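Engineer: sequence first, then the predicted structure, then my questions.
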Amino acid sequence: MVRVSIAAILRPPIAPDDQTPCVLAAWRPIDAIRGGVWELPGGKIDAGESALEAAQREVHEELQINIVPRESLGVAEDIDETQSTERHVHVEVVLADLEGDEPSHSDHRWQWIPIARLHEYQWPRANKELNRLLQVRFGVEQGS
């Protein structure tokens, strides 16, 4: 099992008609494991590292930005026998705030996505539950 921490980096709604905060999402390249989808930035949790520490470190490595982790929101697992590696992942989502500027020197394509619109994007399978937890936390009616 691979333990992973991802960051739900929050910002206020972009458009006046948006009712929920946005999260920063990055495009996972098609040739990556579980690729061709949007993801919340993060990565593997190192030995002796908490999910909050891993999220902070991984986001900095991937996007060259700093975050302030708030709290863990929940965990989801995915077992995918079709994968050649990392078949079993344990993914923990951490709520966080951006500290400083948005990504500018990253090779990753990224964008802000309103939490109420997460269902409109393609995500890794484990994110189905994690996105639901985010929507519940921010009062989005299920099925929206």
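Structural biologist: Everything's here; your move.
Engineer: list the buried residues for stretch 128-142?
Structural biologist: Using 16 or more other CB atoms under 10 Å as the test for burial, stretch 128-142 gives 129-135, 137-138, 140. (Glycine included, C-beta is placed from N, CA and C.)
Engineer: restricting to C-alpha, output the helix or strand that contains Arg132 in PDB.
Structural biologist: Assigned by DSSP states H and E, Arg132 belongs to helix 127-137. Output of helix 127-137 as PDB, limited to C-alpha atoms (Å, rounded to 0.1, in the frame of the first residue of the first chain):
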ATOM      1  CA  ASN A 127     -11.000  11.300  -5.400                       C
ATOM      2  CA  LYS A 128     -14.600  10.400  -5.800                       C
ATOM      3  CA  GLU A 129     -14.900  10.000  -2.100                       C
ATOM      4  CA  LEU A 130     -12.500  12.800  -1.200                       C
ATOM      5  CA  ASN A 131     -14.400  15.300  -3.500                       C
ATOM      6  CA  ARG A 132     -17.600  14.200  -1.800                       C
ATOM      7  CA  LEU A 133     -16.100  15.000   1.600                       C
ATOM      8  CA  LEU A 134     -15.000  18.400   0.400                       C
ATOM      9  CA  GLN A 135     -18.500  19.100  -0.900                       C
ATOM     10  CA  VAL A 136     -20.200  18.000   2.300                       C
ATOM     11  CA  ARG A 137     -17.700  20.200   4.300                       C
END
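Engineer: the buried residues of stretch 128-142: which two are farthest apart?
Structural biologist: Pairwise distances across the buried residues of stretch 128-142 (CB to CB) peak at 15.4 Å, for the pair Glu129 and Phe138.
Engineer: just want the most central residue of the protein.
Structural biologist: When CA atoms, centre = their mean is applied to the chain, the residue found nearest the centroid is Leu40 (2.0 Å).
Engineer: can you pull the contacts of that residue?
Structural biologist: 6-9, 23-26, 93, 127, 130 (CB atoms under 8 Å, 6 or more residues apart in numbering).
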